[in-house]
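S.K.: Please find the sequence and the predicted model below.
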Protein chains: 2
Amino acid sequence: MGYTIGQVAEKTGLSVHTLRYYEKEGLLPFIKKNSAGLRVFSDSDLGWLELIECLKATGLHLKGIKQYIDWYIEGDSTLQQRLDMFKQQKIRVEQQMAELQKHMNKINYKIELYTKAVKEGTLHPEKETA
Amino acid sequence: MGYTIGQVAEKTGLSVHTLRYYEKEGLLPFIKKNSAGLRVFSDSDLGWLELIECLKATGLHLKGIKQYIDWYIEGDSTLQQRLDMFKQQKIRVEQQMAELQKHMNKINYKIELYTKAVKEGTLHPEKETA
DNA sequence: GCTTGACCTAGAGCATACTCTAAGTCTTAA
DNA sequence: TTAAGACTTAGAGTATGCTCTAGGTCAAGC
């Protein structure tokens, strides 16, 4: 309970540069510094980093994530906004899943096509619209 | 069968700038130009744009997409490389789907949490690690 | 005491993928 | 014939998200 920036970088796979950058952008407003000015990350900070990753991976930009964090800091008056944001994000993820499934189908078709082609040594004229 | 760049922009949702940029980057090497020097997109070109979108949306950069197209142009000697690329891409999509499901779970948890919070008018102290 | 190594800040630099501008051509319709 | 509108090229500019550098502090071990 109390990690250096290097330890957090190792744990999360983010670079120390990225972690400092996130802090500078206001995404990590809860990090403490010790008397020497070194950042001390708590387990809660690791939780925030996980949430940041979740929101980023589902299509929110850092700006949008900062908005959420600002709402969080503002307190109970922004509960509805935060709920709406997560609901919006859920819709996005559902769309992404549907998209991804379509892309998977296309890729599977290509794998079939090219598996045959490799066997036969040549690719038969293909309509690219398929 | 024979579209202007503006028509393709409308059909695909890409801007005319982006279409020209893709061509400049070598992603659309099959586009013809008419006697006036205007691009004439075929249905096959639309098919290529769909494939480009599929590969881009599943995490391939334009450079990687160009690599595939170069292989395609090179012909049957690159069938194996192209098959391998699609197989690699399939693995990526599977990973993305799993990731997305994890993120969905987290978001659903947050929606539950915030739905309660909105009802009660306050957010109970939450472990961010949840 | 001195070196090493991890940390610090401020700010510059970079990769990707657009996005736009300037200056010009061509077609079409009033 | 002239003005509008869609197209052309070359190249500059922008947004996002890092990524790195310079110059410096500080603690631990030789």
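M.R.: Perfect, thanks for sending it. Residues are numbered from 1 along each chain as shown, chains lettered A, B, ... in the order given.
S.K.: Packing partners of the longest helix anywhere in chain A?
M.R.: Of all the segments assigned as helix in chain A under DSSP state H, the longest by residue count is helix A:79-120. Secondary structure elements in contact with helix A:79-120, counted by 3 or more C-beta pairs under 8 Å, 6 or more residues apart in numbering or on different chains; DSSP states H and E, are helix A:62-74, helix B:43-57, helix B:79-120. Yep, even glycine has a C-beta here, placed from its N, CA and C like the rest.
S.K.: Extract the C-alpha trace of the first one and format it as PDB.
M.R.: Read that as helix A:62-74. Presented in PDB, the C-alpha positions along helix A:62-74 are these (Å, rounded to 0.1, in the frame of the first residue of the first chain):
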ATOM      1  CA  LEU A  62      -8.700  11.500 -22.100                       C
ATOM      2  CA  LYS A  63     -10.800  14.600 -22.200                       C
ATOM      3  CA  GLY A  64     -14.000  12.600 -21.500                       C
ATOM      4  CA  ILE A  65     -12.300  10.700 -18.800                       C
ATOM      5  CA  LYS A  66     -11.200  13.900 -17.200                       C
ATOM      6  CA  GLN A  67     -14.800  15.100 -17.300                       C
ATOM      7  CA  TYR A  68     -15.900  12.100 -15.400                       C
ATOM      8  CA  ILE A  69     -13.200  12.600 -12.800                       C
ATOM      9  CA  ASP A  70     -14.100  16.200 -12.400                       C
ATOM     10  CA  TRP A  71     -17.700  15.100 -11.900                       C
ATOM     11  CA  TYR A  72     -16.500  12.600  -9.300                       C
ATOM     12  CA  ILE A  73     -14.600  15.300  -7.500                       C
ATOM     13  CA  GLU A  74     -17.600  17.700  -7.600                       C
END
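S.K.: anything in it sitting right up against DNA strand C?
M.R.: No: with C-beta under 7 Å from any atom of the strand as the threshold, helix A:62-74 lies outside contact range of DNA strand C, at a closest distance of 13.1 Å.
S.K.: Could I get the buried residue list for that helix?
M.R.: Residues of helix A:62-74 classed as buried: A:65-69, A:71-72 (neighbour count, 16 or more other C-beta atoms under 10 Å in any protein chain shown).
S.K.: re the thing from before, which among the helices and strands packed on helix A:79-120 is found nearest to A:Phe86?
M.R.: Proximity to A:Phe86 (C-beta to C-beta) singles out helix B:79-120 among those, at 4.6 Å.
S.K.: Now find how far off-centre that closest one is within its chain.
M.R.: Distance of helix B:79-120 from the chain centroid (C-alpha atoms, centre = their mean, to the nearest Å) equals 16 Å.
S.K.: Now do that helix, average pLDDT.
M.R.: Taken as a whole, helix B:79-120 has an average pLDDT of 98.
S.K.: what's the angle from it to helix A:43-57?
M.R.: 120 degrees (axes from the mean of the first three to the mean of the last three C-alpha atoms, to 10 degrees).
S.K.: Helix B:79-120 and DNA strand C, any residue contact?
M.R.: No: on the criterion C-beta under 7 Å from any atom of the strand, helix B:79-120 is out of touch with DNA strand C, staying 13.9 Å away.
S.K.: What of stretch A:7-19?
M.R.: Yes: judged by C-beta under 7 Å from any atom of the strand, stretch A:7-19 comes into contact with DNA strand C at A:7, A:9, A:16-17.
S.K.: For chain A, which residue gets nearest to DNA strand C?
M.R.: For chain A, the residue positioned closest to DNA strand C under C-beta to the nearest atom of the strand is A:Gly6, at a distance of 2.5 Å.
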